[in-house]
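1. Any chance you could fold what I've pasted below:
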Amino acid sequence: MWILYSEESEQDIVSIAEWLLQFNAESEVRARIAGIRADIKILEKNPNIGTLVKSRVNAETDERYLVCGKYLVFYQVIEKEEKIKITRIADGRQNWQKNIFLTNLK
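-> Residues are numbered from 1 along each chain as shown. Okay, the predicted model is just below:
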């Protein structure tokens, strides 16, 4: 399996870094972002370790999320293409169900 980041998830990383830079040294921010990316890399060998979103949200979806410290990484496992698509990254302390995930339901 290989990791693919959506445009939205890349923008989420930028937004997280910008927010953290207001309160932390650049080296600390780089370390936190590297930590999130390292946690995501674990999915390459363990793609189903995350919790199913539908266990927390009333929706039919196969999307999962992985807890990375204070952040939640949302992803889809695409077996036939052998890839994991990172769809969004959100602060777990926020109302992610409303702000991130539910707005994307179709």
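2. Trp19 versus the residue with the largest distance to the centre of the chain, what's the distance?
-> Within the chain, Ala25 marks the point farthest from the mean C-alpha position, 23.1 Å out by C-alpha atoms, centre = their mean. Relative to Trp19, Ala25 is positioned 14 Å away (C-beta to C-beta, to the nearest Å). Heads up, the C-betas are built off the backbone N, CA and C, glycines and all.
3. Quick check: Val67 vs Leu43, distance?
-> To Leu43, Val67 is 12 Å away according to C-beta to C-beta.
4. Also Glu79?
-> Distance from Glu79 to Leu43, by C-beta to C-beta: 13 Å.
5. do Ile33 as well
-> When distance is defined by C-beta to C-beta, Ile33 is 17 Å away from Leu43.
6. Tell me which of those two has more neighbours.
-> Shown here are Ile33 and Leu43; by other C-beta atoms under 10 Å, Leu43 has more neighbours (21 against 16).
7. Report the contact partners of the more buried one.
-> Leu43 sits next to Met1, Ile3, Ile49, Gly50, Leu66, Tyr75, Ile84 when contact means C-beta atoms under 8 Å, 6 or more residues apart in numbering.
8. ok, back up a step: and the gap between the residue farthest from the centre of the chain and Lys70?
-> In this view, Ala25 and Lys70 are 18 Å apart by C-beta to C-beta.
9. what pLDDT does Asp91 get?
-> pLDDT recorded at Asp91 is 87.
10. now the strands: where do they sit in the protein?
-> Along the chain, counting by DSSP state E, strands occupy 2-5, 51-52, 64-68, 71-78, 83-91.
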